[in-house]
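Engineer: model this:
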Amino acid sequence: MKHLLPSINLMILNWLVCTEMGEMTEVGTVTRLLFEDATRQIFSLKTDKKSIKVLLSDDQQRVEKGEHVTVDGELINHDDFGQQLHATKITHTPVTHDLIADFMMMGTGIGKAIAERVIKAFPTNLVDVLENKDVESLCSVERVTRATATVIINQWHKQAGKAKLIPFIEGILKNAPPTVRTRIKRSAKLSYAHYGEDTTDKLKEDPYRLWSFGSFKDADLFAKAMGMALDDERRLICAVEEAIYKKYKEGHTQVYPLEFLDELQKIVGDRLALKAVIAANNAANTSPPRIVVRHEENTNPTDSKFAQACREFAEQQEFDDDFLRRDIYNQTYALPGPAIMEQYVQQQLALRLEQSVPAMRVADLDITAYKLPGNHSLNTEQQCAVKMVLNNAITAISGGAGTGKTSILYAVNDMIKSADYDVLQVALAGKAAQRLIQQTDDHAYTITSLLNKIQKDGHFLQSLDTPVFHIDEASMVDLLTMYKVLKAFEGKTIRLVFIGDYAQLPPIGPGLIFHRLMQCQSVPKVELKTNYRSKRGIVEVGERIKAGIVFEANNEVDIIEYDSSVNLMDIVQRQYVQLMKDNEVHVIAATKSLVQQSNIALHKSLRKYDKYIPSAPDFKINDEVIYKRNNERLGLVNGSTGQITMGPAVDCTGLDQTLNVDLVVDFKIEGQKGLLLKDIIDRTRGEYHLQHAYAITCHSAQGSEFDTVVIVLQDSIGESMLVERSWLYTAITRAKKKAVLIVKKGQIESILARGFKFEKINCGLHL
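Structural biologist: Here you go, the predicted model:
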């Protein structure tokens, strides 16, 4: 999101101040990548005589450090940076004797002295030594170990293999448009990292291997250029993989044929779709399997178009329709990677459910009498949850916003530490981890930071005695994340505590974990229902959304319906101004585009008379802002929100640092922070880390609470893919005092009719 702020790459702009000097060709080694974004690379090319900067403005061509290339282009004389080569074509070049010294130092990690010693030892036949993989001869050179010799030879053949691969691709695609050739060459280079010297042979054997490193469209173009028929089984199997992968990106880890048939028919057509499914069944029997097929009891699809296609195919091919029904209707199809991860997670959770854990020495009376800060007691549901955590290997705690989930963590942590046990707390996002720290008075990690700590410090886990491991906002934990967590703790006795709300936003990535735990009969669980935070009207609307029941406005929830003739931003501004007098207000919108529109409109109207920040003129004093990256020096995380309180200041009394700063932000959790311009903007990429936050997305808002929320919806096509029951429930329950819902007429009914997204996700995790 880059609202109000031009996405300008200052470094690239500087390259435009130049004078043409003529076309030229240079051969050399890529020694350094100076800059890279989605469309450009700037790199240093070392030739036999000099080093020159090269600008490559083709997003379909990319170079890597250590590669040997021929660059065709125009030599430009820049007023500030001197001579530069603006590339029009990049060709991979076999390593010649002139490039050997650069090759050895760039690709192997050896120094100049050893490289020169090797070249001196083989003045005329070094290429032959490398081509013949003569490790013994290389080891005869002083200070060249067998390991070093092996690396040198492997790197040599890697470069030679690339130089062989690219002409092969270009030969096949000689009649294809240049953009297609460069795009497929890029995928082929990625495939080389996997197949190595065998890449060319592998692609000849099955050109659809390119699919794993690019797109089906490009693999299909390449295969057709090789003369492959449309009904070739290799093409049909890859088409099924593509259809399954698209469903995987939507959150499914397995799918029935009826769930991916429409997508498959778009790829291969109606006539070949069923043949492709049968080919996929055959691919499931290879070793390793291309596709994982499981038998599941599905609903009887006899009246479906797929069933009709099966019957017609059975008649034409003399197959038994009962055979097709048994082996296709009730089978799920999955890609091997997700299937393996899901099986591992299932096995690990089942194992932990079965294993016993040491008893925690906390008496029931102590739990009943426990007092939270403010002298509050635990209610019956919370006491039950505490006992479950203390006595089970896995516990699932579900509850809506404000039902006291964090109070349970506070009490559990206090009791566990009093009994000399350890506690670990994690959340997906840095903002959620900081909220855990604030509310429980205990350290917390993001899942990523904890996994990094475990990987770097081999003794970290050994120092913990049966820790209680809290996973907050667990409804958003996807399959890959859970797989990594369980891998890190494999063989370690811990108590897993999943805390979340099944009705809130589901995982961004594929798979379901928390929802399956809540459905599992053998998992100890408790659902908290008493709300301590939000006013009654907000709670009632939240419960009706969960139940899929149409709701009406009440004292705490306003509903404003509008039609297309109305300026939506006028409504947003008017509501915001009315509500902000005595409350903290945030706008929640579904799409980044609507968030941006709202921020522009509110910044313009609300900050009309406030002072600009001289060094960052897109911001003014009193602006509501959000920080969009992790910054350890400042102690800020992605999602930290606050308000700009002052501009440039020399003496930042009370701040973490005393220095010249460009602006000061009072963050809600982290306190006042003085930000430098480098903390606000990445000039190289033209990205602003500090952004306006009058409006935010629902994902950014999850886990937060505000006095008042204004929920803005447009009922666009993109929005309808995001906004369903869990989105609306999450947005409404961010409010403590007041919620205003701005929608088109009939939109609420449409949202409720879509149900919960998690209910439509097909996953293979069964406990």
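Engineer: which parts of the longest helix along the chain are buried?
Structural biologist: The residue-count maximum for a helix in the chain (DSSP state H) belongs to helix 146-172. Residues of helix 146-172 classed as buried: 148-149, 151-153, 155-156, 158-166, 168-170, 172 (neighbour count, 16 or more other Cβ atoms under 10 Å). For every residue, glycine as well, the C-beta is placed using N, CA and C.
Engineer: What residues of stretch 483-498 count as buried?
Structural biologist: Across stretch 483-498, burial judged by 16+ other Cβ under 10 Å covers 483, 485-486, 489, 494-498.
Engineer: what's that stretch in contact with?
Structural biologist: Contact with stretch 483-498 is made by 341, 344-345, 348-349, 352, 355, 357-358, 389, 392-397, 412, 424, 447, 450-451, 454-455, 461, 466-471, 474, 477, 513-514, 517, as judged by Cβ atoms under 8 Å, 6 or more residues apart in numbering.
Engineer: Repeat that for stretch 42-59.
Structural biologist: By Cβ under 8 Å, 6+ apart, stretch 42-59 touches 11, 15, 26-36, 38-41, 62-63, 65, 69, 71, 73, 81, 83-87, 90, 98-99, 102, 182.
Engineer: Alpha carbons of that stretch, in PDB - could you do that?
Structural biologist: Below are the C-alpha coordinates for stretch 42-59, written out as PDB (Å, rounded to 0.1, in the frame of the first residue of the first chain):
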ATOM      1  CA  ILE A  42      21.600  -3.200 -11.900                       C
ATOM      2  CA  PHE A  43      24.800  -5.300 -11.700                       C
ATOM      3  CA  SER A  44      28.600  -5.100 -12.000                       C
ATOM      4  CA  LEU A  45      30.100  -6.900 -14.900                       C
ATOM      5  CA  LYS A  46      33.800  -7.700 -14.700                       C
ATOM      6  CA  THR A  47      35.400  -8.200 -18.100                       C
ATOM      7  CA  ASP A  48      39.000  -9.000 -18.800                       C
ATOM      8  CA  LYS A  49      39.900  -5.300 -18.900                       C
ATOM      9  CA  LYS A  50      37.500  -3.500 -16.700                       C
ATOM     10  CA  SER A  51      34.300  -3.500 -14.600                       C
ATOM     11  CA  ILE A  52      31.200  -1.800 -15.900                       C
ATOM     12  CA  LYS A  53      27.700  -1.200 -14.500                       C
ATOM     13  CA  VAL A  54      24.900  -2.800 -16.400                       C
ATOM     14  CA  LEU A  55      21.200  -1.800 -16.300                       C
ATOM     15  CA  LEU A  56      18.900  -4.700 -17.300                       C
ATOM     16  CA  SER A  57      15.300  -3.300 -17.800                       C
ATOM     17  CA  ASP A  58      13.600  -6.600 -18.800                       C
ATOM     18  CA  ASP A  59      11.600  -8.400 -16.100                       C
END
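Engineer: What mean pLDDT does that stretch get?
Structural biologist: On average, the pLDDT along stretch 42-59 is 84.
Engineer: now do stretch 442-454
Structural biologist: Averaging pLDDT along stretch 442-454 gives 91.
Engineer: in it, what's buried?
Structural biologist: Buried positions in stretch 442-454, judged by neighbour count with 16+ other Cβ under 10 Å: 442, 444-448, 450-451, 454.
Engineer: Which of those residues fall within strands?
Structural biologist: Counting by DSSP state E, the buried residues of stretch 442-454 place 445-446 in strands.
Engineer: Can you pull the phi and psi angles for F35?
Structural biologist: F35 adopts backbone torsions of phi -160, psi 150, taken as degrees, to the nearest 10.
Engineer: Next, count neighbours for the closest residue to it other than its chain neighbours.
Structural biologist: Closest residue to F35 apart from its sequence neighbours, by Cβ to Cβ, 6 or more residues apart in numbering: I42 at 4.2 Å. For I42, the neighbour count with other Cβ atoms under 10 Å is 20.
Engineer: tell me the SS of I42?
Structural biologist: The assignment at I42 comes out as strand when based on DSSP: H, G, I helix; E, B strand; the rest coil.
Engineer: and it, what are its bridge partners?
Structural biologist: As for beta bridges, I42 partners with F35, L55 under DSSP bridges.
Engineer: got the contact list for A693?
Structural biologist: Each residue near A693 by Cβ under 8 Å, 6+ apart is listed here: 586, 599, 624-626, 641.
Engineer: Please repeat the previous calculation with a cut-off of 6 Å.
Structural biologist: A693 makes contact with 624-626, 641, according to Cβ atoms under 6 Å, 6 or more residues apart in numbering.
Engineer: go on, R62?
Structural biologist: With contacts defined as Cβ under 6 Å, 6+ apart, R62 is in contact with R186.
Engineer: Are we agreed that it is in a helix?
Structural biologist: No: secondary structure of R62 (three-state DSSP): coil, not part of a helix.
Engineer: any idea of the pLDDT on it?
Structural biologist: With respect to pLDDT, R62 scores 79.
Engineer: and the gap between it and A219?
Structural biologist: For R62, the distance to A219 (Cβ to Cβ, to the nearest Å) stands at 19 Å.
Engineer: do L436 as well
Structural biologist: From L436 to A219 the distance is 45 Å (Cβ to Cβ).
Engineer: With L165 instead?
Structural biologist: For L165 relative to A219 (Cβ to Cβ), the value is 15 Å.
Engineer: Check E131 too.
Structural biologist: Applying Cβ to Cβ to E131 and A219 gives a distance of 32 Å.
Engineer: Please say which of the two ends up with more neighbours.
Structural biologist: Neighbour comparison, E131 and A219: the larger count goes to A219, with 26 against 13 (by other Cβ under 10 Å).
Engineer: Could you verify my assumption that the more buried one touches D206?
Structural biologist: No: A219 lies out of contact with D206 (Cβ atoms under 6 Å); the separation is 9.5 Å.
Engineer: returning to that earlier point: check which helices and strands the helix or strand following the longest helix of the chain is in contact with.
Structural biologist: Heading C-terminal from helix 146-172, the first helix or strand you meet, by DSSP states H and E, is helix 178-195. Applying 3 or more Cβ pairs under 6 Å, 6 or more residues apart in numbering; DSSP states H and E, one finds that helix 178-195 contacts helix 146-172, helix 199-205, helix 216-225.
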